[in-house]
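Asks: kindly return the folded structure for what I paste below:
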Amino acid sequence: MCDPDGFEDKGIVLRKIGEERLLIKMANGHLVIGVLPKKTKLELSGVRSNDKVAVFFSPADMSRGTIL
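Replies: You can find the predicted model right below:
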């Protein structure tokens, strides 16, 4: 995990939003926006709809998560 106060969960990618964001549906049915960490140089070109991703959430903002 990135931060001891946050938590990690898994979701399914629904679609891309722009160049750096993904719309992700979590197991509980909530929709969240996933972003890549700025430290990494990963690209979203390899991520497609219906792919499973791990998302880290900060307790400060539960509507947005960082893709791990």
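
Asks: buried residues in the lowest-mean-pLDDT helix or strand in the chain?
Replies: Taking mean pLDDT, DSSP states H and E as the measure, strand 61-67 is the helix or strand of the chain with the lowest mean score, a mean of 87. Of all the residues in strand 61-67, those buried under the rule 16 or more other CB atoms under 10 Å are 65, 66, 67. In short, each C-beta sits where N, CA and C put it, glycine included.

Asks: my read: residue 56 touches residue 68, true?
Replies: Yes. Contact criterion CB atoms under 8 Å: residue 56 and residue 68 qualify, at 5.6 Å.

Asks: give the pairing partners of the longest strand along the chain; include direction for each.
Replies: When secondary structure is assigned using DSSP state E, the longest strand within the chain turns out to be strand 7-17. In the sheet containing strand 7-17, its partner strands are strand 21-26 (antiparallel), strand 52-58 (antiparallel), by DSSP bridges.

Asks: let me have these in CSV, extended by mean neighbour count, mean pLDDT and distance to residue 35.
Replies: Shown next, in CSV, are the strands paired with strand 7-17 (neighbours: other CB atoms under 10 Å; pLDDT from 0 to 100; distance: least, CB to CB, whole Å):
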stretch, mean neighbour count, mean pLDDT, distance to residue 35
strand 21-26, 18, 93, 6
strand 52-58, 16, 91, 10
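
Asks: appreciated, that's everything.
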